[in-house]
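Prediction below, plus the sequence it came from.
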Amino acid sequence: MSAPGESSGGKGGAGKGKGKAADAPESGATFKRKRGMFYKDLQPMMYGFGDDPKPMPETVELVEDILVDYITDMLHKASEVAEHRARLTTEDLVFLVRKDARKYGRVKELLRMNEELKKARRAFETQDVEEE
């Protein structure tokens with residue numbers, strides 16, 4: 001994680017090709033992440049939670065580093081839960097947040113909304129096919 005005073009150069013470091021190596025999986029492979037991937041999404045979120053409308057790039061980068069570390073940690077834990085299966089499922093992540101009522105409720109709400117959107121898309125696509 002970069003220190004608050006560090007900058008990867010430029011606004012959010014997007015497109016610079018610099019990335020930090022994530023924890024290497026057991027296979028020995030290393031992954032580099034693209035910095036600035038969440039930069040444009042984090043700015044309005046930070047503003048919505050009380051930050052300045054134009055937060056300092058270093059602050060956004062720090063929040064992004066924390067976010068990526070959290071997501072990476074959750075995916076590592078979920079892969080441990082799904083160890084006996086060939087792949088991760090949504091239920092593995094739901095299992096990890098089951099004791100945190102706010103996260104669990106939000107995950108359930110987002111999954112329900114996703115299903116509703118899928119149904120609406122299918123209905124819309126069916127209408128388009130019938131009209132042709």
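Thanks, I have it.

Verify the contact between L93 and S79 for me.
No - L93 is not in contact with S79 according to CB atoms under 8 Å; the separation is 10.4 Å. C-beta here means a position set from N, CA and C on the backbone, and glycine is covered the same way.

who has more neighbours, the two?
L93 (19 against 14; other CB atoms under 10 Å).

Show me which residues of the helix or strand encompassing L110 are buried.
Under the criterion of DSSP states H and E, L110 resides in helix 101-131. By 16 or more other CB atoms under 10 Å, the buried positions in helix 101-131 come out as V107.

cool, and stretch 84-92?
The neighbour-count check on stretch 84-92 (16+ other CB under 10 Å) flags D92 as buried.

contact partners of that stretch?
For stretch 84-92, contacts defined as CB atoms under 8 Å, 6 or more residues apart in numbering pick out L75, A78, S79, V81, A82, L111.

Scan the helices and strands of this structure for the one with the lowest mean pLDDT.
helix 101-131 (a mean of 91; mean pLDDT, DSSP states H and E).

L96: what secondary structure?
Following DSSP: H, G, I helix; E, B strand; the rest coil, we place L96 in the helix state.

on that earlier part again, and the contacts of stretch 84-92, which two are furthest apart?
Across the contacts of stretch 84-92, no pair lies farther apart than S79 and L111, at 19.7 Å, counting by CB to CB.

could you say which helix or strand contains L42?
Using DSSP H and E, L42 sits in helix 39-48.

and after that helix, which helix or strand comes next?
As assigned by DSSP H and E, the chain's next helix or strand after helix 39-48 is helix 57-81.
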